[in-house]
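Asks: A predicted structure for the sequence below; I have some questions about it.
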Amino acid sequence: AQTVTQSQPEMSVQEAETVTLSCTYDTSESDYYLFWYKQPPSRQMILVIRQEAYKQQNATENRFSVNFQKAAKSFSLKISDSQLGDAAMYFCAFRGAQKLVFGQGTRLTINP
Amino acid sequence: DAGITQSPRHKVTETGTPVTLRCHQTENHRYMYWYRQDPGHGLRLIHYSYGVKDTDKGEVSDGYSVSRSKTEDFLLTLESATSSQTSVYFCAISEPTRNTEAFFGQGTRLTVV
């Protein structure tokens, strides 16, 4: 069975600084996708970034980038130049052949 | 925004009563998922569907059943609600042949008293 683990329940960072959120996963599948979703207080789920497992190059979306280490089954999210609007719950997710599985989430606080 | 609607958005029910939550989509996505969100646990998969009448269990399926009689609707039923099923429930849809990401409903807050 696939599992996703986020070991940091809470993180905080100063505005304009850089923060990294950790995620590890376990699977026996070779073809899969990884995602980071953001959930603000509105409860809306917003896709931040995605990574295809077959791609070695790390995905980047503006201030958001990932460090994908396939052999280690690690998928961390780096947020550069943190902004107040980045404050939210962040979920790491794994999608294999059928299931879409999420981690426990990391609550990110941005300090002005 | 993807056309996905959950109903009801809020519900309070009594222990022992049956409850059905509905997820409706207008995107013709093959995959549909039901999750529950609880503090400290993230989103946990209850059941999912990969086509009409094709469903399978997730990690927390006990006490829940689902049905999908047509592509656009995925129903989650709590046969006899318990206080431990008080949670926020999310539906998600996905069509891997078109895109990789999943789209989410706005959530249903269910309180069992």
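Replies: Sure thing, it's come through. Numbers count the residues shown, from 1 in each chain, chains lettered A, B, ... in the order given.
Asks: From the centre of chain A outward, give me the first residue you hit.
Replies: A:Trp36 (3.5 Å; C-alpha atoms, centre = their mean).
Asks: That residue against A:Leu77, yeah?
Replies: Yes - in this structure, A:Trp36 is within contact of A:Leu77 by C-beta atoms under 8 Å, at 4.8 Å. C-betas here are computed from N, CA, C, even on glycine.
Asks: between these two, what contacts are shared?
Replies: A:21, A:23, A:48-49, A:64, A:66, A:90, A:92 (C-beta atoms under 8 Å, 6 or more residues apart in numbering or on different chains).
Asks: Inside strands: which ones of the residues you listed?
Replies: Judged by DSSP state E, strands contain the following of the shared contacts of A:Trp36 and A:Leu77: A:21, A:48-49, A:64, A:66, A:90, A:92.
Asks: now chain B, which segments are flagged as low pLDDT?
Replies: B:1-2, B:98-99 (pLDDT under 70).
Asks: try 90
Replies: Scanning chain B for pLDDT under 90 picks out the ranges B:1-2, B:39-41, B:95-101.
Asks: which strand in it runs the most residues?
Replies: strand B:42-51.
Asks: buried ones in it?
Replies: Judged by neighbour count using 16 or more other C-beta atoms under 10 Å in any protein chain shown, the buried positions of strand B:42-51 are B:42-50.
Asks: what does stretch A:51-64 give?
Replies: Neighbour count says stretch A:51-64 has A:51, A:53, A:59, A:64 buried, by 16+ other C-beta under 10 Å.
Asks: per-residue confidence for the nearest residue to the second one once chain neighbours are set aside?
Replies: What that stands for is A:Ala53. Once flanking residues are discounted, A:Ala53 sits nearest to A:Tyr32: 4.8 Å by C-beta to C-beta, 6 or more residues apart in numbering or on different chains. We have a pLDDT of 91 for A:Tyr32.
Asks: Can you get me a residue count around A:Tyr32?
Replies: 19 (other C-beta atoms under 10 Å in any protein chain shown).
Asks: and if you look at B:Pro18?
Replies: Residues near B:Pro18, counting by other C-beta under 10 Å: 10.
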